[in-house]
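Asks: Turn this into a model:
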Amino acid sequence: MIDQPHPSQGSTATVVETELDRLRPPDEARATVLAHAQPLGIESVPIAEAAGRVLAEDLVADEDVPPFPAATMDGFAVVAADGSPWREVIGAQMAGYVADVEVTPGTAVRITTGAPLPRGADAVVRVEATEPAEDHVIVHQEIVSPGDNIRQVGADLRRGGLVLPAGTMLGPAEIGLVAGLGRNPVPVRARARVSVLSTGDELVEPGEPVSPGQIRDSNRFSLVAALRGEGAEVVWSGKAPDEKEALRALLTERIAASDVVVTSGGVSMGELDLIKALLGELATVHFRRVFMKPGKPLNFATAGEDGRVLFFGLPGNPVSALVSFELFIRPALATMAGRRDFDRPRVPVLLAQDTPPTDRIEFQRATVRVTPDGQLVAATTGGQASSRLASFLGANALLVIPPRADAYQAGERVDALLLAPPLGPVETGQAPRS
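Replies: Residues are numbered from 1 along each chain as shown. A predicted model of the protein is given here:
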């Protein structure tokens, strides 16, 4: 995976602090998070509100679909073995009911797509292969075989068969299958209730004037968007006070009302990094630092009476916050929702440009494209500073750059976590544009 050896760190005051402050490889940190992410409860929602939710129980077909043999196109229902081109049209079978008519040799019944096959018929001749002749139809198709243009009973779904396993995200096709089996309401996992807090007296709300020394709060809005994109219910978001007792009261309140609490800022080594200080009092801290760039000062804790509330103290730099969200919070939300197969695809790519060495596992924002000969080539999205949120613009991958003393050369192979499908193609030998 992405675990790499790293230098041992200096000792701290106590054994507990030493373990908490140990630089965790990203894979170890992720495993710790997922070990504490427990599936949420089950609720029933109307099918009209089930899109984007996660199925909580196996969906098993309790009937065949279709429940009757049906025409797959407009035409005439006939007896396949009847060799006569002339057939008397004795009725019509439309979708939605069963006509009281029986097809015999020398006869035919007009039929529409999706309509049940009339008694006696075993084939449908498409209308383009026929010619009307008063109350008869002339069949121009020389060979008609039993089953032609017929969707047989259970062709789509067989009774007793597994249609969708629990943990499936309900997209358009899945919702259609649920509806086709008549399931309403639908059992789904509850949405994670998440509170988002940004810290720092220097933060100003968007739309307000900025004084010297102040910046606009962007992290909170990026994180809320990311959370909602993963199906979470953001129950509260706002700016946290930079006063210890007021912050303690707010954190206590949000822990009690949430499944997940996400903060940005206040987790480094400064005197005003109050989130880090209060976590030790309000929660069980599992780690405080991760051997990665960006996102090193990441605090993870569990809180609440039963320890089911996940607490993520993210760094204040915007890129650090979003990379940490992708690597740790997104998988936690998916696990809590009971989702299956939520990991991002991890693929080898060729670097399009030289890349400086790094002392930690670095997750660089990049655009991955496909060359005409099928190679995946990755170009970073410009400057990779943890403060440069624009580095996420156009990125469809995070490059996983292991630590080493020497620079990486263009053409070397590294792994990439695909956030979206690769772009392309580009001409072989050309550096792709980010």
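Asks: Touching, residue 354 and residue 408? I think so.
Replies: Yes. Between residue 354 and residue 408 a contact is recorded at 6.7 Å, counting by C-beta atoms under 8 Å. (C-beta placed from N, C-alpha, C; glycine too.)
Asks: Look at the two and report which has more neighbours.
Replies: residue 408 (19 against 11; other C-beta atoms under 10 Å).
Asks: wait, what's in contact with the more buried one?
Replies: 351, 354, 355, 356, 357, 401, 414 (C-beta atoms under 8 Å, 6 or more residues apart in numbering).
Asks: which one in this protein is furthest away from the centre?
Replies: residue 134 (57.6 Å; C-alpha atoms, centre = their mean).
Asks: quick one: pLDDT of that one?
Replies: As predicted, residue 134 sits at a pLDDT of 91.
Asks: Distance check, it against residue 92.
Replies: As judged by C-beta to C-beta, to the nearest Å, residue 134 and residue 92 stand 15 Å apart.
Asks: Who are the contact partners of residue 214?
Replies: Counted by C-beta under 8 Å, 6+ apart, residue 214 has contacts 202, 203, 204.
Asks: gap between the second one and residue 241?
Replies: Noted for residue 203: a distance of 11 Å to residue 241, by C-beta to C-beta.
Asks: Look at the two and report which has more neighbours.
Replies: Shown here are residue 203 and residue 241; by other C-beta under 10 Å, residue 203 has more neighbours (20 against 16).
Asks: Tell me the bridge partners for the more buried one.
Replies: The partner list for residue 203 in beta bridges (DSSP bridges) reads residue 215.
Asks: so how far is stretch 152-169 off the chain centroid?
Replies: With C-alpha atoms, centre = their mean, to the nearest Å as the basis, stretch 152-169 stands 22 Å off its chain's centre.
Asks: roughly how far apart are the residue lying closest to residue 184 once chain neighbours are set aside and residue 56?
Replies: Excluding its sequence neighbours, the residue lying closest to residue 184 (C-beta to C-beta, 6 or more residues apart in numbering) is residue 47, at 4.4 Å. To residue 56, residue 47 is 14 Å away according to C-beta to C-beta.
Asks: who's more crowded, these two?
Replies: Comparing residue 47 with residue 56 by other C-beta under 10 Å, the one with more neighbours is residue 56, at 21 against 15.
Asks: Would you check that that one makes contact with residue 166?
Replies: Yes. Residue 56 lies in contact with residue 166 (C-beta under 8 Å); the separation is 6.0 Å.
Asks: Please enumerate the shared neighbours of those two.
Replies: Common neighbours of residue 56 and residue 166 (C-beta under 8 Å, 6+ apart) are residue 338.
Asks: tell me the contacts of residue 335?
Replies: Per C-beta under 8 Å, 6+ apart, neighbours of residue 335: 34, 37, 39, 342.
Asks: One more pass at 7 Å, please.
Replies: By C-beta atoms under 7 Å, 6 or more residues apart in numbering, the contact set of residue 335 is 34, 37.
Asks: what do you get for residue 146?
Replies: Shown in contact with residue 146 (C-beta under 7 Å, 6+ apart): 80, 122, 123.
Asks: Dump the residues you listed to a markdown table, plus neighbour count.
Replies: A markdown table is the format used below for those (neighbours: other C-beta atoms under 10 Å):
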| residue | neighbour count |
| --- | --- |
| 80 | 16 |
| 122 | 18 |
| 123 | 23 |
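Asks: quick one, helices of the chain?
Replies: Along the chain, counting by DSSP state H, helices occupy 15-20, 26-36, 172-180, 219-229, 244-257, 274-282, 318-324, 330-336.
Asks: most tightly surrounded among those helices?
Replies: With neighbours defined as mean count of other C-beta atoms under 10 Å, these peak in mean count at helix 318-324, which reaches a mean of 26.
Asks: State the mean pLDDT of that one.
Replies: Computed over helix 318-324, the mean pLDDT rounds to 96.
Asks: Residue numbering should commence at 211 henceforth.
Replies: Done: numbering now begins at 211, and the last item shifts to helix 528-534.
Asks: Remind me what that helix packs against, helices and strands.
Replies: When contacts are defined as 3 or more C-beta pairs under 7 Å, 6 or more residues apart in numbering; DSSP states H and E, helix 528-534 sits against helix 429-439, strand 519-524.
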